[in-house]
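>>> please work out how this folds:
(chains A, B and C)
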Amino acid sequence: MAHSAAVPVRPEAAMLADDVMLKADDLQTHFIMGSRAAKSVDGVSLTVRRGETLAVVGESGSGKSVTSLSIMRLLAHPGRIVGGRILYRLRDGTVVDLATTGQKLMRSIRGREIAMIFQEPMTSLNPLFTVGDQIMEMVRLHEPVSRNEARARALEMLELVEIPAAAKRLDQYPHEMSGGMRQRVMIALALACRPALLIADEPTTALDVTIQAQILDLMRRLQREIGMSILFVTHNLGVVAEIAHEVAVMYAGRVVEQASVTDLFARPKHPYTKGLLACIPDPKRDRATDGSRRMLDPIPGSVPSIMALPRGCSFAPRCPLVEPACEAEPPVLERAGVNHLTRCRRHELL
Amino acid sequence: MAAASDAYAPPRLLTLILQRKTLAVGLLILAVVTLLAVLAPLVAPYSPSKLSIVNRLKPPGAEWFFGTDEFGRDIFSRTIYAGQLSLLVGAAATAFACVVGIALGIVAGFFRKADALVSRVVDAMMAFPDILLAIALVAALGPSLATVIVALGIVYAPRLARIVRASTLVIRELPYVEAARALGVPTWRIMTRHVLRNLVSPILVQATFIFAYAMLAEAGLSFLGVGVSPEIPTWGTMIASGRQYVGQADWMTVFPGIAIVLTVLSLQLVGDGLRDLLDPRLRKDL
Amino acid sequence: MVRFVLQRFLGMLSVMFVVVTIVFVIVRVAPGDPAAVMLGPDATPADIEALRTRLGIDRPLVMQYVFFLGQLLRGDLGQSIFLDMPVASALLDRAEPTFFLTLFSILIAAGIALPVGIMAAYRRGTFFDQSVTTLTMLAASIPSFWLGLILIQVFAVRLGWFPVAGYGGPDASLMTRLSHLVLPAVALGVVSSALITRFTRASMLDVLNDDYVRTARSKGMSEFRVVLRHAFKNALIPVLTVIGLTAALLISGAVVTETVFSLPGVGNLVVSAVLRRDYPVIQGALLVIAAIYVLINFGIDMLYLMIDPRVRY
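Below is the predicted model:
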């Protein structure tokens, strides 16, 4: 069965291209409440390449965090993957479908193959254990090492994420550290087993701007040194420009545009992306405040409830280019350039 | 139900109650128990004190639903009559606890100077196990129906005082209460007008639970023989007199006990349901 | 940390002081002359006067209070009127059954409550969870003395597995004595497990959705480890608090349950003292039990220190 030692490799799974680490294919994640289902993720396809960073951008409620939790299979009840595949290449080269992998194999993947860091550094570490203990626990869960070896690794990790006086910090508790420091600890924890893929769910949102820049620098450097892939979830296009190679823009549970970062910023092919780009705060004007909330405001209207999506294009009610056909049926992903996809029937106008 | 036809009417009290299973079940049991007790003279097939030595220690059956005791008295009738006193003691003790507790709580919450003393005493009172404190108070005041009520009232007043104090502290800082004070409305008026009205929900919920605890404690005191006189039938004294016949006439202890469990359970269900109905913020999934 | 300990310690002392005062007041508010009440209607005025002097109640109240405090500071709880021995020794003689009864009940209560409460929270909203909620409410509605009687009916009288009552006599072996404690401890433990179960469930629900629990899962550990090591440890502080509060409930229950099972414990001593109006014994027992309760809760505050590093600052 699914969790037997022989990894289930479906014939099509072998088709994962050599340079691809993770490929989500028509992923459907619903939150089922009684007879109703909230389609938080509704047919999302994504590709993360080896050693590259894919940024998933969207407002809250766009399904970007649910997508990342689906990959880790950490969905809170009543969320469930109801369709699609998440193909992932393990270290030994075999390809598994994370959407259906057994719990046991999934546990050995979490932390060792795919690690995750979260938005809230203040609450994501367990307040009752020292940071050293928490990193050592990660190491000892996946590798047959002694306490001392694990401790040495924890120290090494803290030094890697540039925490000053790391040896002293090892025995400190999370509450003795600042938010930026805790996020460094989270990164150290996530990277302790050298994962091939790091999922970062809004890792800098809760931090102030200077710390945010430091953490992004750190992640870029670690990506180079360790050679891992990153799936970076954010609502902040400014951050995307700094870290991503590829970008997927999500809206109401769907990917509406996907392109390389240069392409997307230079030639957005979806009116939503264009709207987002138009309201990136001017750094000279807006350095002091985070500005993250204001940023998205200039697009009129708000994200529709996933419980009551319009029949046609879900962006239609807010779209400046809307025509009757947009409201009649949902748009399909169309090619708008080399490796540039958009879910807009009128993208030529952009 | 009717709710579908007149969708615009505000939800009626009955609908609100029926929507909450625990509250509805609790109220139903409580209503049955209370009705049985109040209508005891009509419902009970025998007089609770009618002796019949020929029929002593008869097991439950068609003639005596719950059997008879060592004097041939009908346990069913006695259980129904005992409900009168058990409920009365519980209700009166709760009322007493409310009066004392609310007064103490408001004083502590409103007057900073009194707070230190009142809070200390309330904390210290809570350090005594409830039955033990009640026993000591009854011993000091001399055993009687009235002392049991007063003693249980004193035992449970601190719980209410704590809740009332905490809520008063919050309410006194509310803008409209501060405004009323600034306008020179007398303190006692603010307390009755604004504070008490806001406290109705938490007090009602807590009072229901105190009712339940007081009934359990009364049963304990009566069972020990340090509460009401053993001759007066309450559920506690009935169990106490059945104790000698355990193994011989188990029905003497079983049925009054079930009466206690059902009544206390109904009160807890009502308390839980009320908390849910009146103030969802108080709920905390307990 | 030192501040926390000191603060709690002073808090405990001040509560103890008020406790002592309350006990003093309770025993003195008794209407009528305690000496006359104690000796009964046949006593001569001379007898009553002698007892008044012996009890020290012929002096003004303030003097009595000062004398009482002084006595307590020397560890003297006074002299029992009927037992012809110091109250402290009377209490000590009766301490063993009460101590073991309370200890076993708390172990049974926690042994039921912790796993069931954790499970109910983990399986929130399921049939299991709903049954637990209903059952805890039912358990909290059962008088422990009545449950004791039912247990006697079933397990002692019908099945004969355990002794009906008593503590096995003065020369009984430890095993015999313990076998006398099984039924009363179960009766008390089951009843007091209700409150702990509900608190465990509630406080687990609070932490199960916390971010660090998700972090723990993302590290790839088993659910068992996530729930017990990461979630439960964080839920433990409110649970410990309620276990401390339950101690009071247990001692209360022990007083009544000892009577049901005729255990020669402190509860039994208190009840017979009440029936005989042995005020010094009532007063002493009240003081000692309240002191134990306050001490237990101080101990639990100290446990916080060990569990939660944030309290240490």
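>>> and residue 279, its phi and psi?
You didn't say which chain, so I picked chain A. With angles defined as degrees, to the nearest 10, A:C279 sits at phi -120, psi 20.
>>> ok, it touching A:T273?
No: between A:C279 and A:T273 there is no contact under Cβ atoms under 8 Å: 11.4 Å. Glycine gets a C-beta too; all of them are placed from N, C-alpha and C.
>>> ok, those two, which is more surrounded?
Neighbour count, other Cβ atoms under 10 Å in any protein chain shown: between A:C279 and A:T273, A:T273 has more, with 24 against 14.
>>> would you check how far apart that one and chain B are?
41 Å (Cβ to the nearest Cβ, to the nearest Å).
>>> and C:L83, by the same measure?
Taking Cβ to the nearest Cβ as the measure, C:L83 falls 16 Å from chain B.
>>> C:L149 belongs to a strand?
No: read with DSSP: H, G, I helix; E, B strand; the rest coil, C:L149 is helix and lies in no strand.
>>> just confirm it contacts B:P256, I think it does.
No: the pair C:L149 / B:P256 is not scored as a contact, 10.6 Å apart, by Cβ under 8 Å.
>>> the two: which has the busier surroundings?
When C:L149 and B:P256 are compared for neighbours, B:P256 comes out ahead with 30 against 26, by other Cβ under 10 Å.
>>> which residues are in contact with that one?
B:I75, B:R78, B:T79, B:A82, B:W235, B:G236, B:M238, B:I239, B:G242 (Cβ atoms under 8 Å, 6 or more residues apart in numbering or on different chains).
>>> residue nearest the centroid of the chain?
Unless you meant another one, I'm taking chain A. Centroid check for chain A by Cα atoms, centre = their mean gives A:V233 as the closest residue, at 3.5 Å.
>>> that's the wrong chain, I wanted chain C
Nearest to chain C centroid, counting by Cα atoms, centre = their mean: C:I251, 2.9 Å.
>>> that one: which element?
helix C:233-260 (DSSP states H and E).
>>> give the buried residues for the helix or strand just after that helix.
Per DSSP H and E, the first helix or strand lying C-terminal to helix C:233-260 is helix C:266-276. Buried residues in helix C:266-276, defined by neighbour count with 16 or more other Cβ atoms under 10 Å in any protein chain shown: C:V266, C:G267, C:N268, C:L269, C:V270, C:V271, C:A273, C:V274, C:R276.
>>> can you tell me which helix in chain C is longest?
Assignment by DSSP state H gives helix C:174-208 as the longest helix of chain C.
>>> in the stretch 151-300 of chain A, what residue comes closest to chain C?
Nearest residue of the stretch 151-300 of chain A to chain C (Cβ to the nearest Cβ) works out as A:Y173 at 4.3 Å.
>>> surely that residue is in contact with C:R310?
Yes: with contact defined as Cβ under 8 Å, A:Y173 reaches C:R310; the gap is 7.3 Å.
>>> need the overlap of contacts for these two.
Here A:Y173 and C:R310 have A:P127 as joint contacts, going by Cβ under 8 Å, 6+ apart.
>>> so which of these two has more stuff around it?
More crowded of A:Y173 and C:R310, by other Cβ under 10 Å: A:Y173, with 21 against 13.
>>> ok, now which ones touch the residue lying closest to that one once chain neighbours are set aside?
Nearest residue to A:Y173, sequence neighbours excluded (Cβ to Cβ, 6 or more residues apart in numbering or on different chains): C:P309, at 4.3 Å. Residues near C:P309 by Cβ under 8 Å, 6+ apart: A:P127, A:L128, A:T130, A:Y173, A:H175.
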